[in-house]
Structures are given as C-alpha cells and as structure tokens.
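J.: coordinates for the following, if possible.
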Amino acid sequence: MNAASSIKNDFLWRQSSTFTEVKQLIADQLKPRVTAIDLEGEYPKDFLRSLGAMGGFSGVVSSVYGGNGLGISHSIEVMEHTAKVCLSSAFLIWCQTACLRYLQLSDNDKVKSELLADLASGRLLGGTGLSNTLKSNAGIERSSLKALRISGGYVINGNLPWVSNLGEGHYFVTGCPLENDGRLVFFVVDCNQEGFRLVDGTHFTALEGTGTLACQFRDCLISDDRVLAHAEDSVAYLAKIKPGMILGQMGMGLGLISSCIDLITAVSSIQSSINQYLDDQADDLLEVLQSAHQETYRLAALLDADPNVSVLPDVLKVRLAGGELSLRAAQAAMLHQGAKGYLAHSAAQRKLREAYFIAIVTPAIKHLRRELACLAQQAH
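T.: You can find the predicted model right below:
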C-alpha cells in the first residue's frame, strides 16, 4: 500500500457505515460507563468485544488474516474518538492494536494464522508488554526478564511489574534479552500457560479499569511457534515495530486534547469575562492540535505504505508534542472550568489525571527527550 492509497482508504473508512457504528457504540456502551471505569476500575470488556466485532481493531491486520488492511491510520482514528470520551478504553484499544501489529509484522506465519483473526475480531483480547523491553534496550532500566535458549524454544524467568489489557485467556507480546548474550527475543505469552501467573495488587490514580496486572514467569516455556523474532532478527524487528507502536499512542493524545478544548468552549459563554485572563484559550490549543493531528496522520500514511520507512525521529517529536500538549490542554480545561472542574465526577479533573498518564506511559516525556538527544548526538 502506498501513501496515496492509505489516505484514500482512510477517507472511505470515514464515509462508511462502520465508522458511524463505532461512534454510536462509544456513545451507547462507553459513555454511560466512564465513571465506573475511572473510579471503580470496571474493565470495559463488552465494549472491546463489540468494537472488535465491528472491525475497530482490524486496521493493522491484512485481509489475509481477517483484518481490513486500512492501516495504523484507522487504529489511531478509532482511539481518537474513544479518547474523547474515555482514555482508559482508548488505551486498551492501543494495547490490542499494538499487539496485533507486532504479530502482523512478524515472519511467524504459524502464530499469525493461529491468533490474528481472533484478536482482530475481539474474540481474543491482548496486550503489549514492551515497556521494560524498550527502556532496558535504551539503557534506562535493567531488564526484568531473561530468556534461556533450549531446543524448540526458550525458558523465561522474571517479573514484569504491570502489563495492561490482561486477564484469563488473554495474550500479550513482550521481549527480553538472552542470558549471557544481551540480544533480544520477542514472543507471545498465553496468560493461561504453565509457568506464568498474573498478580493483582497495583492501584493507580487513573486508568484503573485497564486490566493492568503484574506478570510472573517461573521457568515459563515459550515454544518457537510463539516467537515473533529470534535474537538474530530482533534488531530489524524492533526497528520495524517501534515507530508504529509509539505513533499509535497519539490516538489517545489527540482525542484527549480535543475533549479538553470542548470543556473550555463549554464554559466560554458564561465565564469568558474572567477566563480571558488565562494563558491558554480554545483557539490557541486548537491551532496546535491541528498541527499535531496533521503530522500524526502524515506519518501514519508513510508507515502504512512501508513499515520500514525511516520516520522514527519525526515520530518521537510528534509523540513528545502530544504528551506536552495533553498536559497543557488538560490544565487549561481545569482552570477554565474552575471549582466545577474539581468535583469528584467532573470530566475536567479526570482529563487532568489522564493527561499525566499520556505524559508518563512508555515512552514517557523524559524518555522521548532522551532518545531525541541521543539521535541528535549521533547526527553530529
């Protein structure tokens, strides 16, 4: 698929009845449950399954494996509309579609045939456990897992502190270095498999309803059938999946920023005389949002046309802008709403907590700035 085809497909998707159905699903199933998801930790399983059944996860999967092939642009747009209402649910869509894309871009046809169609349709749910992998590979923290190569697979030991969109019967992708080697191996984990255990116990100030659990590996056997990239292929594989993984998170940021602008606009008619003294107005934020929106979908079209295209620096820059603008927009919405925004069930205070999540989820703002600084040093 070339970039022009990607843009055309995205236009056709927005004109389709499915796009209308997705927005209706968000309004009917998700909007009434936002407070329960946020404050009570309700996991929106029914919404996710319904969204998958209508093709909401299918963009990053080719038609050969049950997807619609519309690309990462499609996934970002679904996330964007969801994040306007509920960032927790948009984050879960990112987890699901990131997992799907890891499989789709692998050379392991067996695991793709076995899992992709069911994950794309929402019959199976899946997560992404690459936070520690990315940070340890960048020298930010130590690896929490180790892999021992044996005949027919790997034995995995260690603990991941939290991985999202998990539960009984779910799958997720992670990666870790080989013992006494350092090269990475990437693989799929079945949450029901022997030697693996999910542990609850962490509670967050936001995004409680995201199925975020700790993962314990105790001599957990991963067969070669579940390996997405062996050590000799892992550098090229990580380079292929990383830009799309990071760019996909912009769906959360774009939706949240847009909803913050809506909160500012909602009180403009009655509080404009005093809110005019605040630094950020709706028009100021909208101008910056439009720029980030355009750049996000430009990069998505390039990645849809060629997953190996060299766009990582631009992806890091727009993702950094997305995190920074999320904080700015959420703070502005809170200040414009005033005391009303500070109520326990107020959207404004929830948006502020959600914005901090966008700023700290891997890759966090500090991680993004570090990677950009390293790239700048390498260029000189």
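J.: contact partners for the residue nearest to residue 328 when sequence neighbours are not counted?
T.: In space, and not counting its chain neighbours, residue 328 is closest to residue 280: 6.2 Å by Cβ to Cβ, 6 or more residues apart in numbering. For every residue, glycine as well, the C-beta is placed using N, CA and C. Residue 280 is in contact with 328-329, 331-332, counting by Cβ atoms under 8 Å, 6 or more residues apart in numbering.
J.: closest to residue 172 out of those?
T.: residue 329 (30.6 Å; Cβ to Cβ).
J.: can you list contacts of the helix or strand hosting residue 356?
T.: Secondary structure assignment for residue 356, by DSSP states H and E: helix 347-360. Around helix 347-360, the neighbours that count as contacts under Cβ under 8 Å, 6+ apart are 34, 38, 87-88, 91, 205-207, 249, 252-253, 256, 259-260, 263, 322-324, 326-327, 329-331, 333-334, 337, 340-343, 365.
J.: again, 7 Å this time
T.: Here helix 347-360 makes contact (Cβ atoms under 7 Å, 6 or more residues apart in numbering) with 38, 87, 205-207, 252-253, 256, 259-260, 263, 322-323, 326-327, 330-331, 333-334, 337, 341-342, 365.
J.: so how do I select the buried members of the residues you listed in PyMOL?
T.: Buried members of the contacts of helix 347-360, defined by 16 or more other Cβ atoms under 10 Å, are picked up in PyMOL with:
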select buried, resi 38+87+206+207+252+253+256+259+260+263+322+323+326+327+330+331+333+334+337+341+365
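J.: inside helices: which ones of the contacts of helix 347-360?
T.: Using DSSP state H, the members of these that fall in helices are 38, 87, 252-253, 256, 259-260, 263, 322-323, 326-327, 330-331, 333-334, 337, 365.
J.: could you chop the chain up by domain?
T.: The record's domain parsing of the chain by automatic domain parsing lists 3-124, 128-233, 235-379.
J.: and stretch 31-50, which residues are buried?
T.: For stretch 31-50, the neighbour count (16+ other Cβ under 10 Å) marks 33-34, 37-38, 41, 43-44, 47-48, 50 as buried.
J.: could you do stretch 58-70 as well?
T.: For stretch 58-70, burial by neighbour count (16+ other Cβ under 10 Å) applies to 58-61, 65-70.
J.: the residue of the chain positioned farthest from its centre and residue 348, how far apart?
T.: In the chain, the residue that sits farthest from the middle, by Cα atoms, centre = their mean, is residue 273; the gap is 38.9 Å. With distances taken as Cβ to Cβ, to the nearest Å, residue 273 is found 19 Å from residue 348.
J.: and if you look at residue 172?
T.: Using Cβ to Cβ, residue 172 is found at 33 Å from residue 348.
J.: contact partners for residue 188?
T.: 111, 115, 171, 173, 226, 228 are the contacts of residue 188 under Cβ under 7 Å, 6+ apart.
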